[in-house]
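Colleague: Mind looking at a prediction? Sequence and model below.
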Amino acid sequence: MTDNVSGTFADKVVVVTGAASGIGKATALKFLSQGASVVWSDQDEDTLKDAMAGAPEDRSVACIVDQSQASEAARSIETALERFGRLDVLVNNAGTTVLGTILDNSVEDWHRVVAVNIDGALFSSKAALPHLIKSGGCIVNTASVSGTGGDWNTTLYNVSKGAVVNMTRALALAHGPDGVRVNAICPSVTHTGMTDGMMDNKEYLDKLVSAIPLRRIGQPEDMASAIVFLASDAAGFISGAILPVDGGITAGNGQPPFPS
């Protein structure tokens with residue numbers, strides 16, 4: 001990647017969690033392309049190192065943390081301050097899932113999903129907010145269409161992403177008067193490492209694509225573009241928004257087409 005510090009986010013500092021792959025990696029690269037300095041936060045050191053290959057070293061720093069732990073989540077924020085001297089954007093993107101109903105899932109499954117998807121976003125936001133208030137910055141959360149409507153066979157993920165949706169709204173209300181905007185994107189199924197198994201299931205994939213009006217699967221770059229927009233000055237009067245980035249799948253009410 002050619003280093004170019006001009007762009008929409010020149011002189012801005014961004015923390016992206018879950019940055020080693022998928023939506024997080026695409027988002028970190030998108031911010032870099034717009035001139036930002038980026039803290040790439042993830043717990044997978046080897047994958048993160050590969051993801052950062054070619055990124056401008058003067059505007060990129062790795063932070064190996066477990067976002068589900070409050071002290072470690074705070075370290076991502078501290079890294080931004082120590083390396084770049086400020087914080088302008090926090091992208092809470094780290095996430096995990098487990099399939100099944102609550103009858104299938106264990107208590108340990110529940111604790112893991114909550115720890116990553118809810119605790120991680122909450123802890124990072126708490127650590128970041130004093131600095132975002134100072135800079136007039138913003139938070140963008142990666143929620144999901146699974147947080148705005150129910151899915152079959154993924155109860156724990158639905159519950160956790162519903163919490164992220166309402167966390168977004170609550171933080172937007174609480175900290176709008178402080179000058180901090182808080183928004184979320186809600187992807188539908190996106191082709192990332194977490195969904196590779198789904199992509200290999202042709203029967204499922206065909207059903208999924210047929211339900212999406214745009215007739216294709218979301219890509220990490222689709223989500224990154226929406227995140228960067230919500231963090232930009234172009235979205236300066238948008239806060240508390242829960243933005244579907246789903247190819248139109250949530251435009252329907254679930255009923256099949258009426259017979260012609």
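Modeller: Cool, got the structure.
Colleague: can you map out the strands along the stretch 51-200 of the chain?
Modeller: All strands of the stretch 51-200 of the chain, identified by DSSP state E, counting those that start in this stretch, fall at 60-64, 89-92, 138-142, 181-187.
Colleague: Now do the helices in the stretch 101-250 of the chain.
Modeller: For the stretch 101-250 of the chain, the helices defined by DSSP state H, counting those that start in this stretch cover 107-114, 120-135, 155-175, 196-199, 202-211, 220-231.
Colleague: which one of the ones you listed has the lowest average pLDDT?
Modeller: The minimum mean pLDDT among the helices of the stretch 101-250 of the chain belongs to helix 196-199 (a mean of 76).
Colleague: what residues does that helix touch?
Modeller: Residues external to helix 196-199 that are found in contact with it (Cβ atoms under 8 Å, 6 or more residues apart in numbering): 189, 191, 204, 205, 208, 217. For the C-beta atoms, the positions are set from N, CA and C on the backbone; glycine is no exception.
Colleague: same deal with stretch 44-55?
Modeller: Identification of contacts with stretch 44-55 by Cβ under 8 Å, 6+ apart yields 1, 19-21, 25, 28-29, 32, 38, 40, 42, 60, 62, 64.
Colleague: Serialize those to CSV and add fields for neighbour count, distance to residue 184 and pLDDT.
Modeller: Shown next, in CSV, are the contacts of stretch 44-55 (neighbours: other Cβ atoms under 10 Å; distance: Cβ to Cβ, whole Å; pLDDT from 0 to 100):
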residue, neighbour count, distance to residue 184, pLDDT
1, 13, 28, 41
19, 32, 18, 97
20, 26, 21, 96
21, 18, 20, 95
25, 27, 19, 97
28, 30, 18, 98
29, 23, 21, 97
32, 24, 22, 97
38, 29, 20, 98
40, 29, 21, 98
42, 28, 20, 96
60, 21, 25, 98
62, 19, 25, 97
64, 17, 25, 97
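Colleague: Residue 221: which of these is nearest?
Modeller: residue 29 (8.7 Å; Cβ to Cβ).
Colleague: outside of the helix or strand containing that closest one, which residues touch it?
Modeller: Applying DSSP states H and E as the criterion places residue 29 in helix 22-33. Contacts with helix 22-33, where a contact means Cβ under 8 Å, 6+ apart, come from 1, 4, 7, 9, 14, 16-19, 38, 40, 42, 51, 55-56, 59-60, 89, 91, 93-94, 142, 187, 190, 192-194, 219-221, 223-225, 227-228, 231.
Colleague: Following element in sequence after it, please.
Modeller: Past helix 22-33, the next helix or strand by DSSP H and E is strand 37-42.
Colleague: so what's residue 80 up against?
Modeller: 13, 15, 39, 86, 87, 131.
Colleague: Would you reformat the contacts of helix 196-199 as TSV and include neighbour count?
Modeller: Listed next are the contacts of helix 196-199 as TSV, based on neighbours: other Cβ atoms under 10 Å:
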residue	neighbour count
189	24
191	17
204	13
205	16
208	19
217	18
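Colleague: Thank you, goodbye.
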